[in-house]
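> Sharing a model that was predicted from the sequence below.
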Amino acid sequence: MAEAAPVNAELLEWPKKDKRRFLHAVYRVGDLDRTIKFYTECFGMKLLRKRDVPEEKYSNAFLGFGPEESHFVVELTYNYGVTSYDIGTGFGHFAIATEDVYKMVENIRAKGGNITREPGPVKGGSTVIAFVKDPDGYIFELIQRGGTPEPLCQVMLRVGDLERSIKFYEKALGMKVVKMTDKPEYKYTIAMLGYAEEHETTVLELTYNYGVTEYTKGNAYAQVAISTDDVYKSGEVVNVVTQELGGKITRQAGPIPGINTKIVSFLDPDGWKTVLVDNEDFLSELHKQE
Ligand SMILES: N[C@@H](CCC(=O)N[C@@H](CS)C(=O)NCC(=O)O)C(=O)O
């Protein structure tokens, strides 16, 4: 029997050399205008662009704190006629960094928003946080932090095996652990993973609750998109890593029919989806719509 080909060590170095950045989080909402109003008035986000795809019966709206060329943004999806979704137990929150959480909460309350956790120091720590529920039930954590280039600063997902997840995001996606926090008194451990320090850019916050290995995914939150200079090479790496750690490729590397943007998408070992999007195609898609 022929021996299995040795895994190409150089290939596995690729994700660390690649030009990667968090582009957007994709999720479904029941009423685009309602969410746009909430995010612009309560969070101070800007509506960056909208698109309607009637042949596929959906519309998108992109919102964020700065242009998509340089900022992480949210991509809302409205499917014609679908007014509500199940968020599940695995999705945690998106986070917004602000210099004054108390002031932001006051504003959100005045606009009729739902504050689910009043501002104050995080349990077991000193950072001031608050939680707000948006009109579809997605939680936003507000985090008090001095001026930051990227206010939309976290996507928090719960995972069943933190060590396995860390290995996956390091190897398959080239991320680094920028912070680890274990809170035995509250029975959870958190790993912040990303491409730069958490004050500089968006990070993926993976939370492990002691003893909890499974969560429900619902049908509301979809994925994060991350940029790459080469979807094909990136896809090959993901393919190798999924064989070792679990997860699977859900769309092989290549152009999306009709749009031509090259992507590769895959699930991590817990079933959380990531899409890697070609850097140049992403920019030309943005500029096409101007
Ligand atoms: N069991 C929690 C663990 C994570 C957690 O507790 N995170 C902190 C923020 S880093 C929190 O939500 N603290 C609640 C508080 O301070 O009120 C979960 O799954 O959401």
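Thanks, I have the structure now. Numbers count the residues shown, from 1 in each chain.
> Surely Tyr102 is in a helix?
Yes. Counting by DSSP: H, G, I helix; E, B strand; the rest coil, Tyr102 is located in a helix.
> I'd assumed Pro119 was in contact with it.
Yes. Using C-beta atoms under 8 Å, Tyr102 makes contact with Pro119 at a distance of 5.0 Å. For every residue, glycine as well, the C-beta is placed using N, CA and C.
> Which one of those two is surrounded by more residues?
Pro119 (18 against 15; other C-beta atoms under 10 Å).
> Where does the more buried one fall, secondary structure wise?
strand 114-121 (DSSP states H and E).
> Give the other helices and strands that that strand contacts.
helix 101-110, strand 128-133, strand 139-144 (3 or more C-beta pairs under 8 Å, 6 or more residues apart in numbering; DSSP states H and E).
> hmm, back to that, anything in contact with each of Tyr102 and Pro119?
With contacts taken as C-beta atoms under 8 Å, 6 or more residues apart in numbering, Tyr102 and Pro119 have Val128 as neighbours in common.
> ok, back up a step: turn the helices and strands packed on strand 114-121 into a markdown table, including mean pLDDT.
A markdown table is the format used below for the helices and strands packed on strand 114-121 (pLDDT from 0 to 100):
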| stretch | mean pLDDT |
| --- | --- |
| helix 101-110 | 98 |
| strand 128-133 | 98 |
| strand 139-144 | 98 |
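> Just name the most buried of those.
The highest average neighbour count among the helices and strands packed on strand 114-121, using mean count of other C-beta atoms under 10 Å, belongs to strand 139-144 at a mean of 21.
> That strand vs strand 128-133, what angle?
Angle of strand 139-144 versus strand 128-133, following axes from the mean of the first three to the mean of the last three C-alpha atoms, to 10 degrees, is 160 degrees.
> Contacts for strand 139-144, please.
43, 92-101, 104-105, 116, 119, 127-134, 153-154, 156.
> hmm, the next helix or strand after it touching the ligand?
Per DSSP H and E, the first helix or strand lying C-terminal to strand 139-144 is strand 152-158. Yes. Using C-beta under 6 Å from any ligand atom, we find that strand 152-158 touches the ligand at Arg158.
> Off-centre distance for the first helix or strand past strand 152-158 going along the chain?
Counting by DSSP H and E, the next helix or strand C-terminal to strand 152-158 is helix 162-173. A distance of 15 Å separates the centroid of the chain from that of helix 162-173, by C-alpha atoms, centre = their mean, to the nearest Å.
> other SSEs contacting helix 162-173?
Other elements packing on helix 162-173 under the criterion 3+ C-beta pairs under 8 Å, 6+ apart are helix 9-17, strand 176-183, strand 188-194, strand 203-209, helix 231-245.
> Pull up the residues of this structure that are close to the ligand.
Residues of the chain lying near the ligand (C-beta under 6 Å from any ligand atom): Gly92, Arg117, Val122, Lys123, Arg158, Tyr186, Tyr188, Ile190, Thr207, Asn209.
> Are any of those residues buried, and if so which?
Neighbour-count burial within the residues of the chain next to the ligand applies to Gly92, Arg117, Val122, Arg158, Tyr188, Ile190, Thr207; the criterion is 16 or more other C-beta atoms under 10 Å.
> how close does the first one sit to Leu204?
Distance of Gly92 to Leu204, given as C-beta to C-beta, to the nearest Å: 10 Å.
> did I read that right, Ser227 in a strand?
Yes. Counting by three-state DSSP, Ser227 falls inside a strand.
> right, and Ile190 touches Glu205 too?
Yes. Counting by C-beta under 8 Å, Glu205 is a contact partner of Ile190 at 6.0 Å.
> Now do the same for the nearest residue to Gly246 once chain neighbours are set aside: helix, strand or coil?
Distances taken as C-beta to C-beta, 6 or more residues apart in numbering put Pro269 closest to Gly246, at 3.6 Å, once the chain neighbours are dropped. Of the three states, Pro269 takes coil under three-state DSSP.
> show me the contacts for Pro269.
Asp161, Arg164, Ser165, Phe168, Leu245, Gly246, Gly247.
> quick one: common contacting residues for Gly92 and Leu204?
In contact with both Gly92 and Leu204: Leu157, using C-beta under 8 Å, 6+ apart.
> got the CA positions of whatever helix or strand Thr274 lives in in CSV?
Element membership of Thr274, judged by DSSP H and E, is strand 273-278. Extracted in CSV, the C-alpha atoms of strand 273-278 (Å, rounded to 0.1, in the frame of the first residue of the first chain):
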residue,chain,number,x,y,z
LYS,A,273,-19.1,28.4,9.8
THR,A,274,-16.3,30.6,8.4
VAL,A,275,-16.1,31.9,4.8
LEU,A,276,-12.7,32.9,3.4
VAL,A,277,-13.2,35.6,0.7
ASP,A,278,-10.6,36.6,-1.9
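> Lovely, talk soon.
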